[in-house]
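Student: Based on what follows, work out the 3D shape:
(one chain, ligands or ions: 2)
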Amino acid sequence: MNAADDSGGVRSSVAPRRAALVAASERVEREFERFIRGKGLKLTSQRRRILKRVFGTNRHFTAEEIHEAFRRDRDDVSRATVYRTLSLLVEGGFLDMLELGGDTKRYEHILGREHHDHLMCATCGSVIEFQEPRIEVLQEEVAARHSFRITSHSLRIFGSCKKCVANELAHSAASAVTG
Ligand SMILES: [Zn+2]
Ligand SMILES: [Zn+2]
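Tutor: Ligands and ions are numbered 1, 2, ... in the order given. Okay, the predicted model is just below:
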């Protein structure tokens, strides 16, 4: 129900929710400032603009996509600053990183989001979110069996999305005809 996928649809944004998000993102900005100050770094205006972009989307984005968005807006934020800031955000627990395999990393913010897991297409890189209470319960049961206390989990299922499966089928059908 709370799912957003990356095929263009960010789910309905209701005004009160947006106001809450703005307040929350100001809090994040302060917390992030505190975090990087502890590392001897400053919350520069470039970093502030990166935060705004990152927390203004529910998509699963790559560092390149963020950098590209700045370029499109003729906003001069360097690629190095984007990469560095994203890794600081992950280190501080402000962002989650989803490794797609290879060098591709996608990021998502977890602020104000309900817990969800991911189906990840290894072919086109699309990411589908899902929530499945039965899986959550099963994980608790497995942990309990081992007297294990869960602090967090991240479930990623790799494979091919609907579109890519259809492509593969079309290709193999075509080569069956010609071959
Ligand atoms: Zn795909
Ligand atoms: Zn997600």
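Student: The protein: helices as residue ranges?
Tutor: Using DSSP state H, the helices of the chain run over 15-37, 45-55, 63-72, 79-91, 133-145, 162-178.
Student: Nearest to residue 154, out of those helices?
Tutor: Comparison of those against residue 154 by C-beta to C-beta identifies helix 133-145 as nearest, at 11.0 Å. Every residue, glycine included, has its C-beta placed from N, CA and C.
Student: Residue 56 and ligand 2: what is the separation?
Tutor: According to C-beta to the ion, to the nearest Å, residue 56 stands 15 Å off from ligand 2.
Student: now swap in residue 76 and tell me
Tutor: 29 Å.
Student: How many residues are close by that residue?
Tutor: Residue neighbour count, defined by other C-beta atoms under 10 Å, stands at 10 for residue 76.
Student: Count the residues that sit near residue 156.
Tutor: 13.
Student: residues touching the nearest residue to residue 76 once chain neighbours are set aside, list them.
Tutor: Excluding its sequence neighbours, the residue lying closest to residue 76 (C-beta to C-beta, 6 or more residues apart in numbering) is residue 70, at 7.6 Å. Counting by C-beta atoms under 8 Å, 6 or more residues apart in numbering, residue 70 touches 49, 53, 76-77, 82.
Student: Find the residue at the geometric middle of this structure.
Tutor: In the chain, the centroid-proximal residue (C-alpha atoms, centre = their mean) is residue 108; its distance is 2.2 Å.
Student: Could you list the contact residues of the protein toward ligand 1?
Tutor: Residues of the chain found near ligand 1 (C-beta under 5 Å from the ion) are 121, 123-124, 126, 161, 164.
Student: Can you lay out those residues as CSV showing pLDDT?
Tutor: Shown next, in CSV, are these (pLDDT from 0 to 100):
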residue, pLDDT
121, 92
123, 90
124, 90
126, 90
161, 96
164, 96
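Student: Narrow those residues to just the buried residues.
Tutor: Among those, those classed as buried by 16 or more other C-beta atoms under 10 Å are 121, 126, 161, 164.
Student: Now the last one. Nearest residue, chain neighbours left out?
Tutor: Meaning residue 164. In space, residue 164 is closest to residue 123, 4.1 Å off (C-beta to C-beta, 6+ apart).
Student: Hmm, that neighbour is touching residue 166, no?
Tutor: No. Contact status for residue 123 versus residue 166: not in contact, 11.2 Å apart, counting by C-beta atoms under 8 Å.
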